[in-house]
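1. Quick one, fold the following:
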Amino acid sequence: MLDKLDGKFKLKTRVVKSLLTYTENAQRAFASGVQDEEAAEAKVVVGRYGHRDTVNTHLSFLVFFLSHGFLLETNEINDLWDALITQPAIPKDRQVGFNWILKVVKSEKRYPMRSETLVDLFQQKMLSTDPDSLSQEGVACFLRLFLRVNSLGSATLTPKLRLELGRDEVVCVLDFDLAGLSYLWRLATLHSNPTIATTAVQRLRELYTHADPKMGDEEHYDQVRSILSTLNKPLNELTQESLVRKMVVEVLSLDRRRPISFCFIIH
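-> Next comes the predicted model:
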């Protein structure tokens, strides 16, 4: 029945367009800035309902469609990202947007999504977002997309890591040419929030301590060196210097059979 209704009335597309139209109106309504975010969320921009209720109702409708097998087109989810995260009408919209994206990409079975849509969202939207601007919600969204995109396997995609079934825990890293790895390093080294930096460091530690046993030691260490060289700052100038130094030394010390030079860490 829902398929027939959507085929006739294009319900999912209408909901997406309705939300995009509403957010454009909201951006104009709040163009002068927001002094009281609670009041802004309750403000009626269009119709009878407050800003937060209007946005949440649209997003809930979309979740309903996705849970019944409907797929978001790449341009649709990218447009929603722009409306809620890139150019939010009020600051709280970013948190709402990240939480919604996280919800729909977290459950592959309940909310299916095309591989190319996920990859495009991650590469074009997530990785173009300033790492230091991410809140806890944004980091959670990044980490989930990072793991899901790099574990994708299809006729055109080779998985680069394996996850524990049903969980976001890395079982084995098959290839360190991971999409978004340098972004994860920037979160660990440059983010001004120590809690977020710690979360990123923990994920890096998990990746580098779960390398495929078939990978040679030198190849393993070269991955750390190559990423550090892209950070554009000596490690001792980075925001979370001591935290990252401890993690890098720990990772590079895993093989205690031979001495390791740490000179590249300092310079």
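2. What residue spans form the domains of the chain?
-> For the chain, automatic domain parsing gives the domain ranges 1-113, 128-267.
3. Among those domains, which comes closest to Phe122?
-> domain 128-267 (4.6 Å; C-beta to C-beta). C-betas here are computed from N, CA, C, even on glycine.
4. what mean pLDDT would you report for that closest one?
-> The average pLDDT for domain 128-267 rounds to 74.
5. looking at the domains of the chain, which is closest to Leu121?
-> domain 1-113 (5.7 Å).
6. For the strand or helix carrying Ser182, buried residues please.
-> For Ser182, the host element (DSSP states H and E) is helix 181-190. Using 16 or more other C-beta atoms under 10 Å as the test for burial, helix 181-190 gives Leu181, Tyr183, Leu184, Trp185, Arg186, Leu187, Ala188, Thr189, Leu190.
7. Check stretch 135-142 too.
-> Glu137, Gly138, Val139, Ala140, Cys141, Phe142.
8. what sits up against it?
-> 94-95, 98-99, 101-102, 105, 126, 129, 134, 180, 183-184, 187, 195-196, 199-200 (C-beta atoms under 8 Å, 6 or more residues apart in numbering).
9. Please put the alpha-carbon coordinates of that stretch into PDB.
-> Only the C-alpha atoms of stretch 135-142 are listed here, as PDB (Å, rounded to 0.1, in the frame of the first residue of the first chain):
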ATOM      1  CA  SER A 135      30.600  18.100  18.900                       C
ATOM      2  CA  GLN A 136      30.200  14.700  20.500                       C
ATOM      3  CA  GLU A 137      27.300  14.000  18.200                       C
ATOM      4  CA  GLY A 138      29.400  15.000  15.100                       C
ATOM      5  CA  VAL A 139      32.200  12.700  16.200                       C
ATOM      6  CA  ALA A 140      29.800   9.800  16.800                       C
ATOM      7  CA  CYS A 141      28.400  10.300  13.300                       C
ATOM      8  CA  PHE A 142      31.900  10.500  11.800                       C
END
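10. And it, how far out from the chain middle?
-> Stretch 135-142 sits 6 Å away from the centroid of its parent chain (C-alpha atoms, centre = their mean, to the nearest Å).
11. do stretch 160-179 as well
-> The answer for stretch 160-179 is 15 Å, by C-alpha atoms, centre = their mean.
12. Ends of it, what's the gap?
-> Start-to-end span of stretch 160-179 (C-alpha to C-alpha, to the nearest Å) is 9 Å.
13. residues making contact with it?
-> In contact with stretch 160-179 (C-beta under 8 Å, 6+ apart) are residues 119, 122-123, 127, 143-144, 146-147, 149-151, 158-159, 206-208, 210-212, 215, 219-220, 223.
14. let's go with 7 Å and repeat that
-> Residues outside stretch 160-179 that contact it (C-beta atoms under 7 Å, 6 or more residues apart in numbering) are 122-123, 144, 147, 149-151, 159, 206-207, 210-212, 223.
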